[in-house]
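J.: Structure, please.
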Amino acid sequence: MAISIVHRKSWTPPFCPSPNCRYHNTSEGIWPYKKIGFFRRLAPPHRIQRFTCKSCRRSFSTQTFSTTYWQKLPDLDAQIFMKTIGGMANRQIARDLKVAPETVNRHIARLGRHCLLFHQKMMNSTPSVQDIVVDGFETFEYSQYFPFHHHVAVEKGTDFFIYFTDSELRRKGRMTDQQKIRRRNLEREFGRPDPRAIEKDMRELLEVGLNDQAEGTVYSDDHPAYKRSIQSLAPNIDHRITPGSDHRDKNNSLWEVNLLDLLIRHSNANHRRETIAWSKRRQASAERLAILMVWRNYMKGRREKIRGSPTPAMAKGLMRRPLAINEFLGKRIFKTRCRLPRRWTEYYDRRVKTRALGKNRHHELTMAY
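T.: Numbering: from 1, shown residues only. You can find the predicted model right below:
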């Protein structure tokens, strides 16, 4: 296992990890801290340096700044990351790694949160996007009576996956009389989704994707809710509509988002057709999609059959070479030092609820992540 950069002998803590300390977010002045010995653990590196902040008196260690903070099996993250985007379901991963399925669930949730922070940090250092392609990727949670859309935005010309949201849907399409009765009973018990959810969530997708710019070009299909979202956003946005019935090849103006849809279907077990690995919660689906976003943008080449093809991040000028998994997992990112969009804050805190489940766990850890 590669040793994280925070465990190198030359490493020094860059800021106080306590969000209540004056030296947590500021870079002004010299941060007063001191070393206070070591502690030993079973996993390598075995000897961990401890520190204390002279300002707030909070004690911490090099592990506090590591992505493996409070993990008993720190070498699982990289393996689970690659198996997740390799098309394996959670229980398949658990059998392969000889761990409990709940262990895999927790690691994927934590990786998803790290991916949200990593991508947002990268987006903060890049110019705003002018031309984006948007679409809704339809799937379901819990059962086929609870469908939802993942709305995705991709930069035209670079394949860069910018942002995503989700919207609950009402089950539609051909149904038997028994299925209609079942849907009616479920809606009576759990309520019906907001009929304007797609319009609202697409608007947020565009606000974040265009970074609140008054001008830009948006490519989409002929979904009526998309048009209403764009009209309510800004008057100078050029909306170019491509009928959904058009052939989806490289000549289609929605090629970038159509390709992303194919990759999601191919690389995530929970979105394959006729699968038994579907997501039981929208929250878990969002965490898996965040992992795919980082892999797609920073690790995978744009073209599968072209050796050495640059990643979307390289095409955009964010990186000079593909991101290695040990670099991605090399250093913890603190949510209190990275501002997430509203919907992604809900994903990070695990506040997205599945109606059919009585208990939806939230992420309420104050010092971990």
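
J.: quick one: residue 178 from residue 358, how far?
T.: Distance, residue 178 to residue 358, using Cβ to Cβ, to the nearest Å: 25 Å. Using the backbone N, CA and C atoms, a C-beta is placed for each residue, glycine as well.

J.: Mind exporting the C-alpha coordinates of stretch 94-104 to CSV?
T.: This file holds the C-alpha atoms of stretch 94-104, laid out as CSV (Å, rounded to 0.1, in the frame of the first residue of the first chain):
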residue,chain,number,x,y,z
ALA,A,94,-17.9,-7.5,-0.5
ARG,A,95,-17.5,-11.1,-1.6
ASP,A,96,-14.4,-10.3,-3.6
LEU,A,97,-12.7,-8.4,-0.7
LYS,A,98,-14.0,-10.8,2.0
VAL,A,99,-15.6,-8.0,4.0
ALA,A,100,-19.2,-7.3,5.1
PRO,A,101,-21.6,-5.7,2.6
GLU,A,102,-22.2,-2.9,5.1
THR,A,103,-18.5,-2.2,5.1
VAL,A,104,-18.6,-1.6,1.4
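
J.: chain center to it: distance?
T.: 22 Å (Cα atoms, centre = their mean, to the nearest Å).

J.: Ok, stretch 362-369 next?
T.: 17 Å.

J.: Okay, now that stretch: how far is its last residue from its first?
T.: 12 Å (Cα to Cα, to the nearest Å).

J.: who's in contact with that stretch?
T.: Residues from elsewhere that reach stretch 362-369 (Cβ atoms under 8 Å, 6 or more residues apart in numbering): 17, 64, 69-70, 109-110, 113-114, 332, 334-335, 348-351.

J.: quick one: least confident of those?
T.: In terms of pLDDT, the lowest of the contacts of stretch 362-369 is residue 70, showing 87.

J.: Distance of that one relative to residue 110?
T.: 10 Å.

J.: between the two, who's got more neighbours?
T.: residue 110 (22 against 13; other Cβ atoms under 10 Å).

J.: Let me see the backbone angles for residue 40.
T.: phi -110, psi 150 (degrees, to the nearest 10).

J.: Report how many residues lie close to it.
T.: A count of neighbours around residue 40, defined by other Cβ under 10 Å, yields 8.

J.: Which strand residues bridge it?
T.: Beta-bridge pairing of residue 40 under DSSP bridges involves residue 47.

J.: pretty sure it is touching residue 61, no?
T.: No - using Cβ atoms under 8 Å, residue 40 makes no contact with residue 61, being 11.4 Å away.

J.: list residues touching both of these two?
T.: Common neighbours of residue 40 and residue 61 (Cβ under 8 Å, 6+ apart) are residue 48.

J.: so what's the residue nearest in space to the middle of the chain up against?
T.: The chain has residue 290 as the residue nearest its centroid, 2.0 Å off, counting by Cα atoms, centre = their mean. The contact partners of residue 290, by Cβ under 8 Å, 6+ apart, come to 111-113, 115-116, 119, 347.
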